[in-house]
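*Asks:* Give me coordinates for this.
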Amino acid sequence: MIAAPPVPAAAVDEARSRQISHIMPATLALLLGTLVIGIAGFSHVDLVHNAAHDTRHSNGFPCH
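*Replies:* Sure, this is the predicted structure:
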């Protein structure tokens, strides 16, 4: 049986950095979305709450 050649350290580092470069934007987008929905959904300012409510309906997302 033939053994596979060892993987260079640079290839491993590149794979890790590529994986991190996908995780960071996704995490930041999730955080931003949660903040926007949380702030708009629980806002006591009617203009902000109604704008978020109308946006949900215009995108076809039922909220009640």
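*Asks:* For this structure, which helix extends over the most residues?
*Replies:* helix 9-41 (DSSP state H).
*Asks:* And that helix, what does it pack against?
*Replies:* Contact partners of helix 9-41 among helices and strands, from 3 or more CB pairs under 8 Å, 6 or more residues apart in numbering; DSSP states H and E: helix 46-58. C-beta here means a position set from N, CA and C on the backbone, and glycine is covered the same way.
*Asks:* and the angle for the longest helix of the chain with helix 46-58?
*Replies:* Calculated by axes from the mean of the first three to the mean of the last three CA atoms, to 10 degrees, helix 9-41 forms an angle of 120 degrees with helix 46-58.
*Asks:* from here on, count from 46
*Replies:* Yep, numbering from 46; the last one is helix 54-86 now.
*Asks:* So which bits of helix 54-86 are buried?
*Replies:* Going by neighbour count (16 or more other CB atoms under 10 Å), the buried part of helix 54-86 is residue 85.
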